[in-house]
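In: turn this into a model:
(2 chains)
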Amino acid sequence: DAGVTQSPTHLIKTRGQQVTLRCSPISGHKSVSWYQQVLGQGPQFIFQYYEKEERGRGNFPDRFSARQFPNYSSELNVNALLLGDSALYLCASSLVEGRYNEQFFGPGTRLTVL
Amino acid sequence: SQQGEEDPQALSIQEGENATMNCSYKTSINNLQWYRQNSGRGLVHLILIRSNEREKHSGRLRVTLDTSKKSSSLLITASRAADTASYFCATEDSNYQLIWGAGTKLIIKP
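Out: Predicted coordinates for the structure are as follows:
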């Protein structure tokens, strides 16, 4: 059974551009979360979606948006890119939302903003 | 902002020795989870301990949780070269969101 997949693996953009990152959860998982991990730090929570609805949002500007599709895959969009947006973006899926829920992570998309 | 703080930031030990990492957090939690990350890539879930549990074992891993001190420890016994990785604690808050520490970088020397 395939794990969480993310695309693309690497991405290089320039300041001011827009980027879309994609995530496919494990089959049967209905919850997807997005995290930003800057080099040398732990992940920071960006969004959680469950059954196509936003269930949680971290402390990120409105330049960051996301959505979840009927097949539970998800996209993270970042507009007006800044140098500080350079990071590893991780997607995680879980079976349901709620307590005691193990999250399964994809390999991440490494975004470099020049 | 990050909830947890791991200690130490980096740890280098000989293969076969035990490795202990600590995590402190600030607010009340539903549970605390430990993850491993190799080479800055995806995270792998290791173990989850609920707020009403004090100790949990999984293979060579032992996790303790002290909610009165808001701290947890991860013990890896009989370390192997393959254990070389960064280890993160993450606390699940009342909104079911995971808040992460900055991690401990563990190096196992052969």
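
In: what bits of chain B have low per-residue confidence?
Out: For chain B, the stretches with pLDDT under 70 are B:1-4, B:40.

In: kindly recompute the last result at 80.
Out: Applying pLDDT under 80 to chain B flags the ranges B:1-4, B:39-42, B:93-96.

In: pull up the residues of it that are close to chain A.
Out: With C-beta under 8 Å from any C-beta of the partner chain as the criterion, chain B meets chain A at residues B:1-2, B:4, B:30-31, B:33, B:35, B:40-45, B:48, B:50, B:88, B:90, B:92, B:95-103. C-betas here are computed from N, CA, C, even on glycine.

In: let's see that with 10 Å instead.
Out: With C-beta under 10 Å from any C-beta of the partner chain as the criterion, chain B meets chain A at residues B:1-6, B:9, B:30-31, B:33, B:35, B:37, B:40-48, B:50-51, B:86, B:88-90, B:92-103, B:105.

In: ok, what's across the strand from the residue positioned nearest the centre of chain A?
Out: Most central residue of chain A, judged by C-alpha distance to the mean C-alpha position with C-alpha atoms, centre = their mean, is A:Trp34 at 3.0 Å. Counting by DSSP bridges, A:Trp34 is bridged to A:Phe47, A:Cys91.

In: quick check: the gap between it and A:Ile46.
Out: 4 Å (C-beta to C-beta, to the nearest Å).

In: circling back to that earlier point, give me every residue that touches the residue nearest to the centre of chain A.
Out: A:21, A:23, A:43-49, A:57-58, A:60, A:64, A:66, A:74-76, A:89-92 (C-beta atoms under 10 Å, 6 or more residues apart in numbering or on different chains).

In: with A:Leu114 instead?
Out: A:Ile12, A:Lys13, A:Thr14, A:Arg15, A:Gln17, A:Leu81, A:Leu83, A:Ser86.
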